[in-house]
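Participant: Sequence and predicted structure, then a few things I'm wondering about:
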Amino acid sequence: MKFVVRGPNGILGACFAIEDATILADALLNNPPSSQSGTLDFSKAIEEYVQARVARSKSMTKQSYWTAVVMSWVD
């Protein structure tokens, strides 16, 4: 089986993983976990991460979908 990455949406997952890691690391640095009642609480960092990523993810999902649609017309 041969797998061919085509078009700009072909490597989108790898780029998103790098962006996700960067944004999450930044959120964790800006909001270190608190240790209330013996457990680590990451909720503030996760909330910041979600705020930063949801709009971008929705936008890129739409763009990737429509790019794939247009690219399928070319074949």
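Facilitator: Cool, got the structure.
Participant: What segments of this protein are strands?
Facilitator: Using DSSP state E, the strands of the chain run over 34-36, 39-41.
Participant: Any buried residues in stretch 68-75, and which?
Facilitator: Within stretch 68-75, no residue is scored as buried using 16 or more other Cβ atoms under 10 Å. Every residue, glycine included, has its C-beta placed from N, CA and C.
Participant: Kindly report the same for stretch 26-33.
Facilitator: Buried residues in stretch 26-33, counted by 16+ other Cβ under 10 Å: 27-28, 31.
Participant: what does that stretch rub up against?
Facilitator: Applying Cβ atoms under 8 Å, 6 or more residues apart in numbering, the contact partners of stretch 26-33 are 40-42, 44-46, 48-49, 52.
Participant: Try it again at 7 Å.
Facilitator: Residues outside stretch 26-33 that contact it (Cβ atoms under 7 Å, 6 or more residues apart in numbering) are 40-42, 44-45, 48-49.
Participant: Tell me where the model's unsure across the protein.
Facilitator: 1-10, 74-75 (pLDDT under 70).
Participant: looking at it, which residue lies furthest from center?
Facilitator: Centroid-distance maximum for the chain: Ser37 at 31.3 Å, with Cα atoms, centre = their mean.
Participant: Tell me how many other residues surround Ala21.
Facilitator: Using other Cβ atoms under 10 Å, Ala21 has 10 neighbouring residues.
Participant: Now do it against Lys44, distance only.
Facilitator: Relative to Lys44, Ala21 is positioned 18 Å away (Cβ to Cβ, to the nearest Å).
Participant: again with Leu29
Facilitator: Going from Leu29 to Lys44 by Cβ to Cβ gives 12 Å.
Participant: do Ser34 as well
Facilitator: As judged by Cβ to Cβ, Ser34 and Lys44 stand 8 Å apart.
Participant: Pick out whichever of those two has more residues nearby.
Facilitator: A direct count of neighbours by other Cβ under 10 Å for Ser34 and Lys44 places Lys44 higher, at 15 against 12.
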